[in-house]
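# fold the following, please.
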Amino acid sequence: MRPSSHGSLPTFNALAGAADDAIDLALGAALIAKDVYGDLDVRELVHRFDALAGPLNGGALAGLPLAEQAEAVSARFRDLGFRGNVEDYYDARNSLLPDVLDRRTGIPITLTLVWCEIARRAGVYARGVGFPGHFLARVDGSSPGPRSVIESAPVIVDPFAGGRVVNDDDARALLERTLGAGAVVRPSLFAPATPRATLVRMLTNLKAVWAGRGEHTKAFVAIDRIVALVPDSAPMLRERAGVALRLGIHELARTDLKRVLELEPNAPDAPAIQQRIVTLRTSVRSAPN
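Numbering: from 1, shown residues only. Down below sits the predicted model:
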């Protein structure tokens, strides 16, 4: 589900309903940004990656050793001026694609998206890695497909650090920063993140920023997008119900809480949820028309 030069773009909900391998991550990030910037030209934004790839566009790096592919993409990334925003890490603009491209700064997950989009246009098979606390990129020696075989060990890259290759010591330091001393680095931590999981993590970051600022309407929109991606997530339905109640959207809160009970009928707080549903039913019926 990639945007073409003509025709209509999918809505976020349509994109969220697609199979994982059909979700275009850059398009999803652009649609998230459109929730904030209503006049955003989504198609133009996604097509900006073609210009960012520059001389690498068209598969210029295909077939090179993985380390050379990674270094060439990182060199282009650095030449463009992309860097991690260590000065204002929790600025919401670090999670919004147009701001990241304009300002050339972001957080690990958005910079990894940019790095991987440049890599893809260069003929490099690169995907994000949902490493604990710090998104990374990985370069593999095969192209996607049902019969693809990894030709050699992946190269792990940290776009937040300018595209530096991550060695064992780097990975351990990153993990201990998140999980504490003695944390063990396992190969499973470098598994590729699905586009769906990546968008959920991106939205989770935005939700936290908005909620921390007391911007509950914006937080609600982010949560609503997460629910579109993972509609059977009881924790997210609970959270959306809570923010909906704060915003006075009682019917949606009641619907979400009913779904929570369907998903978790034996939850410890099931009786309290049931009572809240009854209360909300009464309040909805008595609301003025």
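
# alpha carbons only: can I get stretch 237-249 in CSV?
C-alpha atoms of stretch 237-249 as CSV (Å, rounded to 0.1, in the frame of the first residue of the first chain):
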residue,chain,number,x,y,z
LEU,A,237,-9.2,0.0,24.7
ARG,A,238,-9.0,0.7,28.4
GLU,A,239,-6.8,3.7,27.8
ARG,A,240,-9.0,5.1,25.0
ALA,A,241,-12.1,4.7,27.3
GLY,A,242,-10.4,6.6,30.0
VAL,A,243,-9.4,9.6,27.8
ALA,A,244,-12.9,9.4,26.1
LEU,A,245,-14.4,9.8,29.6
ARG,A,246,-12.2,12.8,30.3
LEU,A,247,-13.3,14.4,27.0
GLY,A,248,-17.0,13.6,27.6
ILE,A,249,-17.3,11.0,24.8
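
# starting at the chain centroid, how far to that stretch?
Mean-position distance between stretch 237-249 and its chain equals 22 Å (CA atoms, centre = their mean, to the nearest Å).

# which residues are contacting it?
Stretch 237-249 has contacts (CB atoms under 8 Å, 6 or more residues apart in numbering) with 216-217, 219-220, 223-224, 227, 250, 252-254, 256-257, 259-260, 263. C-beta here means a position set from N, CA and C on the backbone, and glycine is covered the same way.

# mind giving me the PyMOL select for those, buried ones only?
In PyMOL syntax, the buried subset of the contacts of stretch 237-249 is picked out as below (16 or more other CB atoms under 10 Å):
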select buried, resi 216+219+220+223+224+227+250+252+253+254+256+257+259+260
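
# narrow the contacts of stretch 237-249 to those in helices?
216-217, 219-220, 223-224, 227, 250, 252-254, 256-257, 259-260, 263 (DSSP state H).

# remind me which residues of the protein are low pLDDT?
1-7, 142-151, 283-289 (pLDDT under 70).

# mind jotting down where the helices sit in the stretch 51-200 of the chain?
Remark: helices assigned in the stretch 51-200 of the chain by DSSP state H, counting those that start in this stretch are 66-79, 97-103, 108-121, 168-179, 195-212.

# tell me which of these sits nearest to residue 39.
Residue 39 sits nearest to helix 97-103 of all these, at 10.9 Å, using CB to CB.

# mind listing what's buried in that closest one?
97-101, 103.

# which other helices and strands contact it?
Under the contact definition 3 or more CB pairs under 8 Å, 6 or more residues apart in numbering; DSSP states H and E, helix 97-103 sits against helix 25-36, helix 42-53, helix 108-121.
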